[in-house]
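J.: Structure, please.
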Amino acid sequence: MHKVFLNGDFVDADKASISPMDRGFLFGDGIYEVIPTYSTKPVGLGLHLARMNEGLKAVGIEYQADEAQWRKVIGDLVKQTDSDSQAVYIHISRGADKKRFHAYPKGIQPTVFAYAFDIAPSQDLQSKHTKTYHVTLAEDLRWQRCHIKSTSLLGNVMHFQQGQEAGKDEVILYNQQNEVTEAAACNVFIVKDGRIATPPLDNHLLPGITRRIAIDAIHKYTSLPVDERVVSLDELNEADEVWITSSSKELGPVLSIDDKKVGNGEPGKIWREAQEAYNKHKFNC
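T.: Alright, predicted model coming up:
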């Protein structure tokens, strides 16, 4: 039985328990992170924890994620198996109160939980081993604070389910102005005429760590231009390449949108260069 980390202790997963009065259960009142590791080495640990601390501050949960502490916890969790590709899920809720009441209670301790799970290996640049994606489109109907990585994910879950019911891997979302925001669980990049673009950060999309590492890596290791700007739905549909990015997917090439091929329907040469740059940079941040 694998162990999980709960409130400072490692316990068997089937014996870990959280009060039903925990606000994470009652309200989705918490912040989370998913940190990928390869051969036990975490990707972007400092960036993930900085985003977690910003989210905790934004929602008023009094907990400070310490990098040294979490590096050890993550190491202990992923060493339980021989898998080379794992991610660690960290979940900080506001904690359990004696009654259900919407306002933030005073004097309660946050609930701190983490566990490791297997993920796909790092993207292979050999096309026959590349993990690719087929997506559909939907109008973004989520709340207006998507920049906070909240555990309140029902809006994302419902959008992702749309994709599953359509037989697709993901759903790329757009706003009422027909501007791309993000996908249900990923950020989005497009390529047109050799130029890369991704929607700018605002309250309508998550500041993805993979997104950040990818942009930095492309700047550092290639001469490819990257624009953080508004991307229209028409641009998405006419793009030469489309990628979705996340901690578990890295840079995932999209081969079709609503059954229409993207480009020639194969992972593109710009993606290959960008993924190669990402591979060089992912353990250096």
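
J.: which phi and psi does Met9 have?
T.: Careful, residue 9 is Asp and not Met. Taking degrees, to the nearest 10, you get phi -130, psi 150 for the backbone angles of Asp9.

J.: For it, name its beta-bridge partners.
T.: Leu6 (DSSP bridges).

J.: And it, what's its pLDDT?
T.: Looking at Asp9, its pLDDT reads 97.

J.: Okay, it and Val73: tell me how far apart.
T.: Counting by CB to CB, to the nearest Å, the gap from Asp9 to Val73 is 11 Å. For every residue, glycine as well, the C-beta is placed using N, CA and C.

J.: if you count what's nearby, which of these two comes out ahead?
T.: Taking neighbours as other CB atoms under 10 Å, Asp9 and Val73 compare with Val73 leading, 19 against 9.

J.: For my notes, confirm the more buried one occurs in a helix.
T.: Yes: checked against DSSP: H, G, I helix; E, B strand; the rest coil, Val73 lies within a helix.

J.: Could you tell me how many residues sit around the residue lying closest to it once chain neighbours are set aside?
T.: Leaving aside its sequence neighbours, Val73 sits nearest to Phe5 (CB to CB, 6 or more residues apart in numbering; 5.4 Å). Phe5 has 21 neighbouring residues, counting by other CB under 10 Å.

J.: you'd agree Phe5 is up against Ile92?
T.: No: applying CB atoms under 8 Å as the test, Phe5 and Ile92 come out as separate, 11.6 Å apart.

J.: which residues are common contacts for the two?
T.: Common contacts of Phe5 and Ile92, defined by CB atoms under 8 Å, 6 or more residues apart in numbering, comprise Val112, Phe113.

J.: Domain boundaries for this protein, per the record?
T.: 3-118, 127-281 (automatic domain parsing).

J.: so what's Leu137 up against?
T.: Counting by CB under 8 Å, 6+ apart, Leu137 touches Val171, Ile172, Leu173, Tyr174, Leu233, Ile257, Asp258.

J.: okay, the last one: pLDDT?
T.: The score at Asp258 is 98. That number is its pLDDT.

J.: That one - nearest residue in space that isn't next to it in sequence?
T.: Asp258's closest residue in space is Thr136 (CB to CB, 6+ apart), at 5.3 Å.

J.: in this structure, which spans are helices?
T.: 23-27, 45-59, 67-78, 154-165, 209-221, 233-237, 269-281 (DSSP state H).

J.: Any chance of these in TSV with distance to Ser17 as columns?
T.: Listed next are the helices of the chain as TSV, based on distance: least, CB to CB, whole Å:
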stretch	distance to Ser17
helix 23-27	11
helix 45-59	23
helix 67-78	18
helix 154-165	24
helix 209-221	30
helix 233-237	45
helix 269-281	39
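
J.: Switch those over to CSV; also include mean pLDDT.
T.: Compiled in CSV, the helices of the chain are given as follows (pLDDT from 0 to 100):
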stretch, mean pLDDT
helix 23-27, 98
helix 45-59, 97
helix 67-78, 97
helix 154-165, 97
helix 209-221, 98
helix 233-237, 98
helix 269-281, 97
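
J.: and Lys99, which of those is closest to it?
T.: For these, proximity to Lys99 was assessed by CB to CB; helix 23-27 is nearest, at 10.1 Å.

J.: The closest residue to Leu173 other than its chain neighbours and Val191: what is the separation?
T.: Leaving aside its sequence neighbours, Leu173 sits nearest to Asp140 (CB to CB, 6+ apart; 3.8 Å). Distance of Asp140 to Val191, given as CB to CB: 22 Å.

J.: Ok, Ala214 next?
T.: The gap separating Ala214 from Val191 is 12 Å, by CB to CB.
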